[in-house]
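Novice: sequence first, predicted model second:
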Amino acid sequence: MKTLQKFGGFAALYLAVAYLTGMVIFLAILDYPSITDPAQKVALLAEKQMVIFSTNLLLYVFFGVFLIVLSLALYDRLKSGAPAIMQTATAIGIIWAGSLIASGMVSNAGIEPVVALYAKDPAQAALTWQGIESVASGLGNGNGEILGGLWALLASLAALRAGRLPRALNILGSLVGAVGILSLIPGFTSTLTGVFGLSQIIWFVWLGIVLLRSKL
């Protein structure tokens, strides 16, 4: 159990670093969200192919793998105090992880053929990338962080009941989860998704430190 808690702690810290790194690359370096013209998106894709491919691995594929580790570590720690809630939370966490892995793999699988098509027919490449991006975004919870929100909320409620994590950390996790669920509301998705991501970074760091220091 102690070893799993340590792995969970490292996983939580990885999730925080991946979140932050992905935000910096996509928002600050690539400025990807501000590009609305499909032709410009594909031009950027062709120019920064390896950067986007690597970021998808970091932020979606590897993120999903480490999320499974953290979900199992939390389940192991909290199952005795709130078994039903933790069973539900863990199932949702693994589903969330799978959807993120699928999102990153779909996106990365489409990069090479779209870039090759771009050299011959830019308009068709832009249209093809729109379709791929829509699927990847749906899998990656681009229309609201319902899965991540439910997982964080349920895990935090279970921790409050079990008393196996700091109360303040659990309150923060509950708020993070609530924001993630509310991000489904049309018109608020973009803003609340950003708040969810930033606040979850803090939660992941705090949670990671607690698990790494655990003597259980």
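Specialist: Structure's in. What do you need?

Novice: phi first, then psi, for S103.
Specialist: When quoted as degrees, to the nearest 10, the phi and psi of S103 stand at phi -60, psi -50.

Novice: was I right about it contacting I132?
Specialist: No: counting by C-beta atoms under 8 Å, S103 does not reach I132; the two are 10.7 Å apart. All C-beta atoms are positioned from the backbone trio N, CA, C, and that covers glycine.

Novice: these two: who's more crowded?
Specialist: S103 (24 against 17; other C-beta atoms under 10 Å).

Novice: ok, that one - contacts?
Specialist: Taking C-beta atoms under 8 Å, 6 or more residues apart in numbering, we find S103 in contact with 60, 136-140.

Novice: which of the residues you listed are buried?
Specialist: If you count burial by 16 or more other C-beta atoms under 10 Å, the buried members of the contacts of S103 come out as 60, 136, 139-140.

Novice: relative to S71, which of these is nearest.
Specialist: Checking the buried ones among the contacts of S103 against S71 by C-beta to C-beta gives Y60 as the nearest, at 16.1 Å.

Novice: tell me the contacts of the closest one?
Specialist: Y60 sits in contact with 100-101, 103-105, 107, 140, where contact means C-beta under 8 Å, 6+ apart.

Novice: over to V135?
Specialist: V106.

Novice: report the separation between it and A89.
Specialist: 27 Å (C-beta to C-beta, to the nearest Å).

Novice: wait, F53 sits on A109?
Specialist: No: with contact defined as C-beta under 8 Å, F53 does not reach A109; the gap is 10.1 Å.
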